[in-house]
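K.L.:
sequence-free structure coming up:
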């Protein structure tokens, strides 16, 4: 049996440590995905707030998880919904300001170039329609199967393919501009 | 005749990742279309470039202690949930449900107490005549006589006095 499903089973029986293992297994990629998803928000703190809320909602709804999809797919479905609400809320409150803090980048590299490239990506993603951005990130960042993306977003597979195609095409124009030093 | 470019979109999306993801028949179909369509060839190159850029983006995950903060919130939630289960018991509703149970218990206690009083040899004169039913010392003939002659409201003491 899939390890995640085993942990879900134990967590349902009251084993909180098992749920802790699920958090440990998925926290980094989930926060990374949400940072890209909420690219207009920019900072890690906002992404972690959403990730924490997603884990809480998953914990509350454990009894409803039937194992027909992977735990990851189910978790990302919850997280995407929470992120959408956050993005809309921020947009309505007009909190879309340039982040003051520098984005986190790995040390030991050409830091300035990486910062500029990351900022370029962030802006390009922020300019995408929300549903295109979701589809592209779930595929190209998280590596979910097309069938899983369709499940997370609640759309047909053909729509998934169409959104990914359009999203990548729109990103191309923004990302292929040279990064100036 | 080649497929319309729109119909090829789904194939382009997947081919941008790995052409071998496509079944052989779709690979052939895509190849035929691309040989005649420069805009789709360019679109495929764009799809590949963007995907490569996204895949190469370094993963910057959760901060140190994030999982501990999440689990602290989860444990607080679990604790709150177990407390509210107790608080949620509707006392009034359960009181009404338990009334018949309480009445049955009270009746049982009364019967047992009466039986024990009759059997213990205590002063039985004040006991109602019906208590003779629970007495081991009353013979069947006496019990029959009692049932036929005694007044319901009588005590055993009064009944004995009235008997010849």
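P.N.:
That came through, no problem. Only a predicted model underlies this, so the values are computations on that prediction, with no experimental measurement involved. Numbers count the residues shown, from 1 in each chain, chains lettered A, B, ... in the order given.
K.L.:
And the helices in chain B?
P.N.:
Remark: helices assigned in chain B by DSSP state H are B:5-15, B:24-36, B:38-55, B:66-87, B:91-119, B:140-149, B:156-162.
K.L.:
State the helix or strand in which residue A:162 lies.
P.N.:
helix A:157-175 (DSSP states H and E).
K.L.:
Could you pull up the residues touching residue A:125?
P.N.:
A:36, A:39, A:133, A:137, A:171 (C-beta atoms under 8 Å, 6 or more residues apart in numbering or on different chains). The C-beta positions use only the backbone N, C-alpha and C, and glycine is treated the same way.
K.L.:
if you set the cut-off to 7 Å instead, what comes out?
P.N.:
Residue A:125 makes contact with A:36, A:39, A:133, according to C-beta atoms under 7 Å, 6 or more residues apart in numbering or on different chains.
K.L.:
Nearest to residue B:64, out of those: which one, please.
P.N.:
Of all the contacts of residue A:125, residue B:64 sits closest to residue A:36, with 20.5 Å by C-beta to C-beta.
K.L.:
Can you tell me the closest non-neighbouring residue to that closest one?
P.N.:
Distances taken as C-beta to C-beta, 6 or more residues apart in numbering or on different chains place residue A:137 nearest to residue A:36, at 5.2 Å, with adjacent residues excluded.
K.L.:
Provide the contact partners of the strand or helix carrying the one you found at residue level.
P.N.:
Per DSSP H and E: residue A:137 is located in helix A:130-140. Outside of helix A:130-140, the residues within contact range by C-beta under 7 Å, 6+ apart are A:33, A:36-37, A:76, A:80, A:84, A:87, A:125, A:144, A:149, A:152-153, A:160, A:163-164, A:166-168, A:170, B:51, B:54-55.
K.L.:
got the angle between that helix and helix B:38-55?
P.N.:
In terms of direction (axes from the mean of the first three to the mean of the last three C-alpha atoms, to 10 degrees), helix A:130-140 departs from helix B:38-55 by 70 degrees.
K.L.:
hmm, back to that, closest one of the contacts of residue A:125 to chain B?
P.N.:
Nearest to chain B among the contacts of residue A:125 is residue A:36, at 7.6 Å by C-beta to the nearest C-beta.
K.L.:
for chain B, what are the low-confidence residue spans?
P.N.:
Applying pLDDT under 70 to chain B flags the ranges B:1-3, B:84-96, B:114-124, B:134, B:136, B:150, B:152-153, B:159-164.
K.L.:
and it, which of its residues are near chain A?
P.N.:
B:9-10, B:12-13, B:43, B:46-47, B:49-51, B:53-55, B:57-63, B:66-67, B:69-71, B:73-75, B:77-78 (C-beta under 7 Å from any C-beta of the partner chain).
K.L.:
now stretch B:133-142, how far from the centre of its chain.
P.N.:
With C-alpha atoms, centre = their mean, to the nearest Å as the basis, stretch B:133-142 stands 53 Å off its chain's centre.
K.L.:
Correction: the previous question concerned stretch B:10-20.
P.N.:
With C-alpha atoms, centre = their mean, you get 47 Å for stretch B:10-20.
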